[in-house]
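[1] just need the structure, nothing else, for what follows:
(one chain, ligands or ions: 1)
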Amino acid sequence: MKKIIWTIALLFSALMLTGCGKSVTDQSALKNVRSSNTINWAVEGDKKLFSLIDIRDDQEKGFDIDMAKAITREILGPKGQARFTLATSQSRIPLLKNGNVDAVIATLTITPERAKIISFSKPYFRAGKSLLVNKDSDVKSVRDLNGKTVIGIVGDNSVEVIKKVAPKAKVVAMQDYGQAVSALKSHQGDALTSDNGILYGLAAQSAGSLEVRGGTFTKEPYGIAVNQNQEPFHRAINRAVDKIQRSGEYNRLIKKWFGQVPGFNYKEMYYK
Ligand code: GLU
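    Numbers count the residues shown, from 1 in each chain. You can find the predicted model right below:
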């Protein structure tokens, strides 16, 4: 009898050691993506230039999407699949932490707070916060914001940033960019703040009624996020970004998405 109990106990601990008790994020992400030949990416669907659903063919399009496809090709080869799960500014990190996606590529700024819970790749895009205003607005730069109402987005870092750069501004946070733009157009706020690239995309969709002003007032390096303790996958992503940047593909993508945007100095974004 004792022998049977011992055997069961041994079997049980062997099972635990071989992985039956592992959580989603303990499993090797690199092995998983290799065995399914697919990387599941969290992306956003409402950011022209970075990641926007094209209603004509229902496909996500933009710089982040092309980077995700290029990284997938580097890691899995030409037949590797990049699958996209739509996220919002608020849901990007929870989707990763819950194991719904393998990685996030969604204009996500590398910040020390976020780096405590997820792992970031090397920076792959250098954005900065800026302002979007109605053409007739008297707001010219961040110095004009005190006493004004500034619109931000729930789940992004604009709200904290405005509190630092214009402590006397009132900040209202909207659920998504669609709501934020409607609020700005109906003058519920004096300016909308987010990253310059995102704002240029919104201005381009506004038929000339909105414009980006005041240059950038923060540094927003974007990183690709993977779960912590996934070193092999993390390294594979960094190697892929490196290769894409060195091969010239990165600069081609910058030109493709930002080359025609009036007022945006896309050459500053080039990998040199
Ligand atoms: N880069 C900013 C952030 O990560 C804003 C991006 C966004 O709203 O998606 O918070």
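
[2] most proximal residue of the stretch 151-272 of the chain with respect to the ligand?
    residue 156 (3.2 Å; CB to the nearest ligand atom). Where C-beta positions appear, they are placed from N, C-alpha and C, glycine not excepted.

[3] what about that residue, which SS state?
    coil (DSSP: H, G, I helix; E, B strand; the rest coil).

[4] residues contacting it?
    Residue 156 sits next to 89, 194 when contact means CB atoms under 8 Å, 6 or more residues apart in numbering.

[5] try residue 72
    By CB under 8 Å, 6+ apart, the contact list for residue 72 reads 39, 41, 80-82.

[6] do residue 201 as well
    Residue 201 is in contact with 47-50, 52, counting by CB under 8 Å, 6+ apart.

[7] wait, which of those is closest to the ligand?
    Of all those, the ligand sits closest to residue 47, with 6.9 Å by CB to the nearest ligand atom.

[8] neighbours of the closest one, just the number please.
    When neighbours are defined as other CB atoms under 10 Å, residue 47 has 23 of them.

[9] how near is the residue lying closest to residue 251 once chain neighbours are set aside to residue 248?
    The shortest distance from residue 251 to any non-neighbouring residue, by CB to CB, 6 or more residues apart in numbering, is to residue 270 (4.9 Å). From residue 270 across to residue 248, the span is 10 Å (CB to CB, to the nearest Å).

[10] what does residue 229 give?
    Residue 229 sits 33 Å away from residue 248 when distances are taken as CB to CB.

[11] how about residue 188?
    Distance, residue 188 to residue 248, by CB to CB: 44 Å.

[12] let me see the backbone angles for the residue nearest the centre of the chain.
    Central residue check for the chain by CA atoms, centre = their mean: the C-alpha nearest the mean position is that of residue 106, 1.9 Å away. Dihedral pair for residue 106: phi -160, psi 60, per degrees, to the nearest 10.

[13] just the pLDDT for it.
    Looking at residue 106, its pLDDT stands at 97.

[14] my read: residue 111 touches residue 157, true?
    Yes: the criterion here is CB atoms under 8 Å, and residue 111 meets it with residue 157 at 6.3 Å.

[15] between the two, which one's more packed in?
    More crowded of residue 111 and residue 157, by other CB under 10 Å: residue 157, with 20 against 14.

[16] distance of the residue lying closest to the more buried one once chain neighbours are set aside from the ligand?
    Take residue 157 and drop its neighbours on the chain: the residue closest to it by CB to CB, 6+ apart is residue 109, 5.9 Å away. Residue 109 sits 4 Å away from the ligand, going by CB to the nearest ligand atom, to the nearest Å.

[17] near the ligand, which residues of this structure are found?
    Proximity of the chain to the ligand, by CB under 6 Å from any ligand atom, involves residues 89, 107-109, 153, 156-157, 194-195, 220.

[18] ok so residue 242 is a strand residue?
    No: checked against three-state DSSP, residue 242 lies outside a strand; its state is helix.

[19] quick one on the thing from earlier: and residue 188 and residue 248? Which one has more around it.
    Between residue 188 and residue 248, counted using other CB under 10 Å, residue 188 has the larger neighbour count: 14 against 11.

[20] next, the contact list for the more buried one, please.
    Neighbour list for residue 188: 149, 151, 172 [criterion: CB under 8 Å, 6+ apart].

[21] inside strands: which ones of the residues you listed?
    Among the contacts of residue 188, DSSP state E puts 149, 151, 172 in strands.

[22] counting neighbours, what do you get for the last one?
    Counted by other CB under 10 Å, the residues lying close to residue 172 total 14.

[23] can you tell me which residues contact it?
    149-152, 183, 188-189.

[24] what's across from it in the sheet?
    In this entry, residue 172 is beta-bridged to residue 151, by DSSP bridges.

[25] in the protein, what spans have low per-residue confidence?
    Within the chain, the stretches with pLDDT under 70 are 1-26.

[26] rewinding a little: correct me, but the residue nearest to residue 251 touches residue 253?
    No: judged on CB under 8 Å, residue 270 makes no contact with residue 253 at a distance of 10.5 Å.

[27] which one's more surrounded, those two?
    Between residue 270 and residue 253, residue 253 has the larger neighbour count (other CB under 10 Å), namely 20 against 12.
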